[in-house]
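Colleague: I'll drop the sequence and a predicted model, then ask my questions.
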Amino acid sequence: MKTKLALTVLAVMISGSAAAKTWVLTSAEQGVEQGNWKISSQQLKFQGKPFSIEQKVLHGGKQEGSKIITLTSKDGLTITLSPTRGMNLLHIEGFGSRIGWDSPVKEVVNPANINLESRNGLGWLEGFNEMMVRCGYEWTGHPVTADGRLYTLHGKAGNTPVSQVEVEVADAAPHEIRIRGLIKESTFKKADLQTLTELRYVPGSNSFSLHDVLTNHADYPHDYQIIYHSNVGTPILEEGARFIAPMSDISPFNDYAKTGLKNWQTYLGPTKGFDEMVFNIKPLSDDQHKTVAAVVNKQADKGVSIQFDTQQLPVLTLWKNTDTLKQGYVTGMEPGTSYAYPVTVEREQKRVKQLEPGASTAFDLTYTLLHNADQVAAVEKRISTIQGDTKLTETETPIASE
Amino acid sequence: MKTKLALTVLAVMISGSAAAKTWVLTSAEQGVEQGNWKISSQQLKFQGKPFSIEQKVLHGGKQEGSKIITLTSKDGLTITLSPTRGMNLLHIEGFGSRIGWDSPVKEVVNPANINLESRNGLGWLEGFNEMMVRCGYEWTGHPVTADGRLYTLHGKAGNTPVSQVEVEVADAAPHEIRIRGLIKESTFKKADLQTLTELRYVPGSNSFSLHDVLTNHADYPHDYQIIYHSNVGTPILEEGARFIAPMSDISPFNDYAKTGLKNWQTYLGPTKGFDEMVFNIKPLSDDQHKTVAAVVNKQADKGVSIQFDTQQLPVLTLWKNTDTLKQGYVTGMEPGTSYAYPVTVEREQKRVKQLEPGASTAFDLTYTLLHNADQVAAVEKRISTIQGDTKLTETETPIASE
Amino acid sequence: MKTKLALTVLAVMISGSAAAKTWVLTSAEQGVEQGNWKISSQQLKFQGKPFSIEQKVLHGGKQEGSKIITLTSKDGLTITLSPTRGMNLLHIEGFGSRIGWDSPVKEVVNPANINLESRNGLGWLEGFNEMMVRCGYEWTGHPVTADGRLYTLHGKAGNTPVSQVEVEVADAAPHEIRIRGLIKESTFKKADLQTLTELRYVPGSNSFSLHDVLTNHADYPHDYQIIYHSNVGTPILEEGARFIAPMSDISPFNDYAKTGLKNWQTYLGPTKGFDEMVFNIKPLSDDQHKTVAAVVNKQADKGVSIQFDTQQLPVLTLWKNTDTLKQGYVTGMEPGTSYAYPVTVEREQKRVKQLEPGASTAFDLTYTLLHNADQVAAVEKRISTIQGDTKLTETETPIASE
């Protein structure tokens, strides 16, 4: 019956260019909501690497009504994301590994069940378990009361149900898949920032990319900030795992992180009492402003890399949260326009960017699940090439106090 | 299938007097929820002006689960309101015109997705796009922290899903339609204010009316405030459009509005940097305490008028928000018990009213879509008659500081 | 059709030991949500006292999407609880009486429609109408701003949709019924307290019991507090009704309650202007740490008793809210680890408990609907026996200021 339903949907919903089929799963504007939904390469009679894309509505606890989309590529990656949570990436599996971590928060919490202002602006932590959360765009960073109001931790995008969801599959082999979601941060008199997120994946591949376009729909310039909070735990993160990236400067986020500065390159195993250490990094990039950061395991045969553009995302936060497994043993690579300081600090230090009326800006990131020693070595080599002769400055004093 | 469903509903849900048919679309008490639902004059085998009434459940973005009811009168008005948002009126179309405006907020935001306390009490702005919002009844006005708590912008009624929704259609021509919704503001130890809202419309007409009855169900007296925040943009609002109403006094709400006092009668076109100017008006009325205010276009052949009762709603706020189209080019006529100052100011200045235990009070307003020069002239004449010889006092100093 | 559905469910969902049948109604982990659902002893072909268990999804107003489960025992009790509201007990009927009360809040408010932080931490009052609310476990008590954040009234458990709901019915007569619900208070870096609640009932009986197990799933010790806020109104509560419990000490919660100290044992009828008086009690218990408290009517032929364990729940709050019927004429017996003071006071006075990593603690309470003079007399006798020769100290000075 599910197949029949999906075929009906096929007949009704297909649109787009001759070169690709498009399904609209959700559209606030057009009044569309597919709910539980699935397509597969088999149904589409596509040869080549088999895949399926499925949307499910979740139930129970604080995830009541949350939706997830799972893209499954039999020989490649299984990518799970949530339209209810700003197209955040929940976890990625494949090649005997995964990108993701185990948070004490197990459910895909529906933002209707979160008060971001609770816990003095830390309500965001009640839903945090993703492999990648968009922290922005109206503001980001640690909570602060300023301008007579509370700026809550890491903004609202990651807790915003998206207004439009589309799945597109290219007609031609290798049938690239694109999943788009529209995040609206629209408030009368305050903001009209809209982000069209797009995930691209070729079945069978060990990497996928994000292509997000943020547009200021208002008639006035508007500030924006973004941090792509990208998180990885076991099996890649382990004692002796390493963080690698080309950089000119690294400094501790706060006094507590000072003691970890000299060991920023390596990770501890799960360590009771560790809590978290955060480092601010100024990444280096190649001639095309491209750079890459990675976490690789001790044996250097597993890892995850993120390629990004330093013109789009000029700073990089390293979050080492190697506490116990149950507390959430995890590290974050966080390319951004800002560090994780409160918006007040980011303003002072001139990292808050602005979009002119009608203007757009793009963010392009490629995530790769490294699953053998050659792949790890290739990333190491690329990082080394970008680093070149540039000497790394390790600064002991945080650039700001929290 | 929808027809069949509706007919079943007909059979099951009809009740009420011999003089009218009643459908219960939602009842928290009786456990009724019709979801998507429709009736039409054709199904009912009614002669005369054709009409339909339809309820839809919306999806996507922050409007997930919101419901709207659309009353369509082929030769008259199409009225759209939302049971999920306190029976607020979204927009009215007809006679080649409309009452409504274009907010940057496009969705019918489900209050479950709004935190009214966010942005220091301005969370209300994340859902504001209606032609008419009920601002009350427990409190209204600009946010203020007082009594150790935050009074959020314009109260809660407009962001309260109603507990009971009924549609009633008179058996006899011209088949007057009534749509009722019950807003409960019930909090243990704090309030038990319940408002039974009713919209009345005769198919084919260019006007409709609201008849709201607020009852204090508690055993103690309770304060209440209400502002009927009624908003209009293009095509009625334009450069050279005029605001007209009989009044004894007008004064600027704050210092910024002082500069606009001398031009309160006319509107600018969309004006970058204008933001908003607000004026406090003491309306005049006829012997039956009836008065009327209107916005008319430059050519005086289009407009919208609101008739209200100055014993029920003694003050009138004029909100001129003639900023750019994208920011929300709009003006508000806001009959109320209060001006838009914080409840603390309204208390000091004795405009906060009180209901005795078990007591009720009614609010009756008639909205008319003026669609030719004669209709506009008739309203102008009526206003002029009510104004009579009374001289208008323009006071330059705001009656309060915000 | 409902029967057919239920039978299918039977076939699919039955699990558990040979000794009992288990139905999973909700499971966030396994992706189960039964929605409207029912079983009956008749369907199960059970002899003996007939019963049914039904889950309903509610609609309308602020209860949209809330679920209730009603256990109906024809000759015994009808117990209604809500999985959406932390398995709180709504009301109990049977034997011509009831345990419950009439709050001005009539709906089973979906927590998605409540902001607990509103009204300076009193948002909880917008949903309060239960016969028993779990006030905990991360914190409880009156709201207070401390540690830079707001601790809202009575914590979050009672406003948390449960993650797992199971119904179990013993194969063997008398077919004991168990209804379990899992409350997760899991927040990254803050808490991972999980409470598996269980209600047990034997068809035909006039009593039921709760067996809740709270587990600290984190790797660090965590504070917890709990108050079982158990409330009763008419017909048991009336002028001349009495509160009885064995105790060594009683004192007023605050200055207002001082004037009611000498009459703590008896209740007024509905009394305008009474508001509430709260008393702190140190209960006595028997050799097995068991104690019992009760409210009995004037004629001593109706009542409700709660048996609990003073090692688990060492303190008892008596809440006398004998205001008018419409305001909520009600009294609460509230066994707890804490009194109702803010967490800051409870910490100072050493009543906040702590759970080691991985550790669990149980709370066992038995509620009995006393429906004749013998039953009331038996409870009175038991209380008298536990009291023995211990003299009660009535202290006039509150142990803390609010």
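Modeller: Sure thing, it's come through.

Colleague: Can you tell me which residues in chain A are near chain B?
Modeller: Contact residues, chain A versus chain B (C-beta under 8 Å from any C-beta of the partner chain): A:26-29, A:31-33, A:65, A:111-112, A:115-117, A:148-150, A:152, A:160-164, A:182, A:184, A:186-190, A:192, A:217-220, A:357. For glycine as for every other residue, the C-beta is placed from the backbone atoms N, C-alpha and C.

Colleague: how about the helices of the stretch 151-300 of chain A, start to end?
Modeller: In the stretch 151-300 of chain A, the segments counted as helices under DSSP state H, counting those that start in this stretch are A:255-258.

Colleague: coming back round to it: among the residues of chain A next to chain B, name the buried ones.
Modeller: In the residues of chain A next to chain B, burial by neighbour count holds for A:26-28, A:32-33, A:65, A:111-112, A:115-117, A:150, A:152, A:160-164, A:182, A:184, A:186-190, A:192, A:217-220, A:357, counting by 16 or more other C-beta atoms under 10 Å in any protein chain shown.

Colleague: returning to what we had before: which ones among the residues of chain A next to chain B map onto strands?
Modeller: Secondary structure from DSSP state E places A:26-27, A:32-33, A:149-150, A:164, A:182, A:184, A:186-187, A:192 of the residues of chain A next to chain B in strands.

Colleague: Out of those residues, flag the one nearest to C:Thr331.
Modeller: The closest of these to C:Thr331 turns out to be A:Leu150 (C-beta to C-beta; 38.2 Å).

Colleague: ok, the closest residue to that closest one other than its chain neighbours to chain B distance?
Modeller: Excluding its sequence neighbours, the residue lying closest to A:Leu150 (C-beta to C-beta, 6 or more residues apart in numbering or on different chains) is A:Gly121, at 5.1 Å. Per C-beta to the nearest C-beta, to the nearest Å, A:Gly121 is found 10 Å from chain B.

Colleague: residues contacting A:Gly121?
Modeller: A:143-145, A:150-153 (C-beta atoms under 8 Å, 6 or more residues apart in numbering or on different chains).

Colleague: and what of A:Gln349?
Modeller: Residues near A:Gln349 by C-beta under 8 Å, 6+ apart: A:341, A:399-400.

Colleague: Now the buried members of those.
Modeller: Among those, those classed as buried by 16+ other C-beta under 10 Å are A:341, A:400.

Colleague: quick check, nearest of the contacts of A:Gln349 to chain C?
Modeller: Of all the contacts of A:Gln349, chain C sits closest to A:Tyr341, with 17.2 Å by C-beta to the nearest C-beta.

Colleague: Ramachandran coordinates for A:Ala373?
Modeller: When read as degrees, to the nearest 10, the backbone of A:Ala373 gives phi -60, psi -40.

Colleague: what's the nearest residue to it if we skip its chain neighbours?
Modeller: A:Ala373 sits nearest to A:Asp301 (C-beta to C-beta, 6+ apart), 4.4 Å away.

Colleague: Do you know the pLDDT at the one you found?
Modeller: If you check A:Asp301, the pLDDT there is 98.

Colleague: next one: A:Ser401
Modeller: pLDDT at A:Ser401 comes out at 87.

Colleague: I figured it was touching A:Asn254, is that so?
Modeller: Yes: look at A:Ser401 against A:Asn254 with C-beta atoms under 8 Å: they come within range, at 7.3 Å.

Colleague: between these two, who's got more neighbours?
Modeller: A:Asn254 (16 against 8; other C-beta atoms under 10 Å in any protein chain shown).

Colleague: from memory the more buried one sits against A:Glu396, does it?
Modeller: No: with contacts counted by C-beta under 8 Å, A:Asn254 stays clear of A:Glu396, the gap being 12.0 Å.

Colleague: just the ones in strands among the residues of chain A next to chain B now: which is nearest chain C?
Modeller: Nearest member of those to chain C, counting by C-beta to the nearest C-beta, is A:Leu150, at 10.6 Å.

Colleague: Validate this expectation: A:Arg382 resides in a helix.
Modeller: Yes: under DSSP: H, G, I helix; E, B strand; the rest coil, A:Arg382 falls within a helix.

Colleague: Am I right that it is in contact with A:Thr291?
Modeller: No: using C-beta under 8 Å as the test, A:Arg382 is too far from A:Thr291 to be in contact (9.1 Å).

Colleague: Which one of these two is surrounded by more residues?
Modeller: Using other C-beta under 10 Å as the criterion, A:Arg382 and A:Thr291 rank with A:Thr291 on top: 24 against 19.

Colleague: roughly how far apart are the more buried one and A:Lys184?
Modeller: 30 Å (C-beta to C-beta, to the nearest Å).

Colleague: for A:Ala218, same thing?
Modeller: 12 Å.

Colleague: Equivalent analysis for A:Asp309, please.
Modeller: 25 Å.

Colleague: Can you pull out the low-pLDDT segments for chain A?
Modeller: A:1-18 (pLDDT under 70).

Colleague: Can you pull up the most central residue in it?
Modeller: Per C-alpha atoms, centre = their mean, the C-alpha nearest to the average position across chain A is that of A:Met132, at 3.0 Å.

Colleague: If that residue is in a bridge, with which residues?
Modeller: Taking DSSP bridges as the rule, A:Met132 bridges to A:Leu89, A:Ser230.

Colleague: what residues are up against it?
Modeller: Taking C-beta under 8 Å, 6+ apart as the test, what A:Met132 contacts is A:88-89, A:228-231, A:367.
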